[in-house]
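Chemist: Sequence below, structure please.
(one chain, ligands or ions: 1)
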Amino acid sequence: MKLLYTKRSPYARKVRILAAEKNIELDYVDEDLTSKSELLLVSNPVGKIPTLICDDHTAICDSPLICEYLDALQPQPRFIPEDFAKRLSVLNTAAIADGLTDITLAVYMEKVRHPQDFNQKFIDAQVVAIERLLASFEEQVEDLKSWHLGSVGVVCALGYLQFRLGHLYHAEKYPQLNDWLGETAKRPSVKDSVPVV
Ligand SMILES: N[C@@H](CCC(=O)N[C@@H](CS)C(=O)NCC(=O)O)C(=O)O
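Modeler: Numbers count the residues shown, from 1 in each chain. Prediction:
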């Protein structure tokens, strides 16, 4: 199976962490998002990474779905519980974590596209949302410790926030979250997937 990805993508990082934790071998294909490959565009009309291409050439798009696929393909260790209520809770946390990643990316891109005249009102509203999200993860740390897809999403979202907008991550305001993040950083799957430019 091929994973079209970039080394800096927080969404692709979730897939990389899951694959590593489950010992699923993927053939990693680095995409240049300024000049997308024909393979990416043909496989995923949205033109986004990560995109997984299975051995039978079926393409699977969007990181939540790719993670779900990998979890079904190799159920041990399980990252999405079978029990409906637990499953809903994990997928909800994963969606909220992706929400933080979406906001971080939006703020970063606003500043890249309009370095001189970015929309301060927009940025301010996103900063409030980022702080709200960090506070909610701080409250949820005990649950995150069970190391499920939601935890992986939070690790990737926080890693991306530190990577792109490090000045907005105030570790001292979220001590339990920060300690947990430090613990997860020891996992080879997390250590080996830290975003790089
Ligand atoms: N919802 C998607 C988001 C994927 C996404 O936005 N990927 C970015 C890279 S981090 C991308 O491919 N951007 C290229 C573009 O928008 O043209 C997922 O979870 O996989």
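Chemist: The ligand contacts on this structure?
Modeler: Residues of the chain found near the ligand (Cβ under 6 Å from any ligand atom) are Ser9, Tyr11, Leu33, Gly47, Lys48, Ile49, Pro50, Asp62, Ser63, Asp98. Where C-beta positions appear, they are placed from N, C-alpha and C, glycine not excepted.
Chemist: which of these lies closest to Glu25?
Modeler: Nearest to Glu25 among these, counting by Cβ to Cβ, is Pro50 at 15.7 Å.
Chemist: tell me the SS of the spatially closest residue to that closest one that is not a sequence neighbour?
Modeler: Distances taken as Cβ to Cβ, 6 or more residues apart in numbering place Ala12 nearest to Pro50, at 3.9 Å, with adjacent residues excluded. Judged by DSSP: H, G, I helix; E, B strand; the rest coil, the three-state class of Ala12 is helix.
Chemist: what number of residues lie near Ala12?
Modeler: 26 (other Cβ atoms under 10 Å).
Chemist: Settle this for me: it is touching Lys48, isn't it.
Modeler: No - using Cβ atoms under 8 Å, Ala12 is not in contact with Lys48, being 9.8 Å away.
Chemist: Next up, phi/psi of the nearest residue in space to Val46 that is not next to it in sequence, please.
Modeler: Using Cβ to Cβ, 6+ apart and skipping residues adjacent in sequence, the residue nearest Val46 is Cys61, 6.3 Å away. Per-residue torsions, Cys61: phi -110, psi 150 (degrees, to the nearest 10).
Chemist: 57 is where my numbering starts, stick with that
Modeler: With 57 as the first residue, the last one maps to Cys117.
Chemist: Show me the beta-bridge partners of Cys117.
Modeler: Cys117 has these beta-bridge partners by DSSP bridges: Thr107.
Chemist: re earlier: from the residues of the chain next to the ligand, which would you call buried?
Modeler: Among these, those buried by neighbour count (16 or more other Cβ atoms under 10 Å) are Ser65, Tyr67, Lys104, Ile105, Pro106, Asp118, Ser119, Asp154.
Chemist: Name the nearest residue to the first one, sequence neighbours excluded.
Modeler: Taking Cβ to Cβ, 6+ apart, and ignoring the residues beside it in sequence, Ser65 has Ile105 as its nearest neighbour in space, at 5.8 Å.
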